[in-house]
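Undergrad: all I have is the shape, not the residue letters:
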């Protein structure tokens with residue numbers, strides 16, 4: 001829980017600091033950078049006293065920040081984004097469990113070859129902040145920071161047919177799977193003595209968004225095929241963020257994450273590991289939201 005409050009404090013501090021106005025002279029200077037930040041904090045609480053139908057009281061909080069800084073000049077494009085989210089549920093009966101935990105870093109550099117087509121290099125890092133457990137009783141750790149973490153770098157082309165769609169094809173993509181906890185390495189496809197596992201393959205990434213008045217949806221789909229090991233088994237990562245504005249400061253959000261990796265074993269509540277399968281997470285909340293800077 002301490003990590004959550006530290007994360008929430010950082011969100012508020014960044015948002016407050018970003019409101020400081022720049023000197024008047026700086027407004028006259030042309031800037032090729034377009035930075036921005038969007039933050040949200042959601043909260044719910046349930047208390048039961050002599051409730052005949054039963055149930056347990058609980059407290060839940062979740063935070064999310066999307067920070068970006070994009071650079072455009074002549075034929076150069078450089079897009080950078082950090083997404084960070086953390087949430088928990090504190091049940092008065094069963095204790096503390098995290099409900100959301102993500103850290104995603106994206107960077108894409110492009111040099112325009114022709115209109116709408118760029119030679120590109122694309123980087124991604126994906127992990128989480130805190131420990132995750134199989135259940136509330138045994139407290140068996142099944143994830144942590146850098147356990148696992150996925151880092152990739154791909155070289156290829158980027159096609160942007162419109163401002164709301166970008167298709168990146170990287171036929172030369174190196175990917176590293178890191179697992180710092182030895183007991184978890186086989187769960188995520190590494191050998192017991194293998195902190196890093198390297199994959200070499202091809203990647204397709206599709207970024208799309210739809211904006212209609214106070215409603216917007218952003219989708220990122222990543223498909224990866226490993227040349228070195230079963231290239232026919234496609235690894236899938238699909239993130240969807242949907243937001244509907246209720247007012248200037250409040251919104252309803254829906255975030256989903258779909259993952260498939262044939263190397264990752266699914267852990268049941270009893271601690272037993274099964275074969276790979278589709279992983280899916282959905283988070284729906286009403287949030288206090290605040291945005292600063294440019295739109296993506």
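TA: Perfect, thanks for sending it. All values reported here derive from a predicted model rather than from experimental measurement.

Undergrad: for residue 183, which three-state class applies?
TA: helix (DSSP: H, G, I helix; E, B strand; the rest coil).

Undergrad: where do the strands sit along the stretch 1-150 of the chain?
TA: 33-46, 58-73, 76-91, 95-114, 117-127, 132-133, 141-143, 149-162 (DSSP state E, counting those that start in this stretch).

Undergrad: and those strands, which one is worst for confidence?
TA: Mean pLDDT per stretch puts strand 132-133 lowest among the strands of the stretch 1-150 of the chain, at a mean of 86.

Undergrad: so what does that strand touch, helix or strand wise?
TA: strand 95-114, strand 141-143 (3 or more Cβ pairs under 8 Å, 6 or more residues apart in numbering; DSSP states H and E). The C-beta positions use only the backbone N, C-alpha and C, and glycine is treated the same way.

Undergrad: just put these in CSV and tack on mean neighbour count.
TA: CSV is the format used below for those (neighbours: other Cβ atoms under 10 Å):
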stretch, mean neighbour count
strand 95-114, 17
strand 141-143, 18
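
Undergrad: to residue 206, which of these lies closest?
TA: strand 95-114 (12.9 Å; Cβ to Cβ).

Undergrad: helices or strands up against that closest one?
TA: Using 3+ Cβ pairs under 8 Å, 6+ apart, the elements in contact with strand 95-114 are strand 58-73, strand 76-91, strand 117-127, strand 132-133, strand 149-162, strand 279-293.

Undergrad: if we go to 6 Å?
TA: If you count contacts as 3 or more Cβ pairs under 6 Å, 6 or more residues apart in numbering; DSSP states H and E, strand 95-114 packs onto strand 76-91, strand 117-127.

Undergrad: what comes up buried for the last one?
TA: Spelled out, it's strand 117-127. For strand 117-127, a neighbour-count test (16 or more other Cβ atoms under 10 Å) marks 118, 120-122, 124-127 as buried.

Undergrad: now swap in stretch 259-270 and tell me
TA: Buried residues in stretch 259-270, counted by 16+ other Cβ under 10 Å: 259-261, 263-265, 267.

Undergrad: sorry, back to before: the strands of the stretch 1-150 of the chain: which one's closest to residue 274?
TA: Nearest to residue 274 among the strands of the stretch 1-150 of the chain is strand 141-143 (13.0 Å), distances taken as Cβ to Cβ.

Undergrad: quick one: strands adjacent to the closest one?
TA: Take DSSP bridges as the rule and strand 141-143 pairs in its sheet with strand 132-133 (antiparallel).
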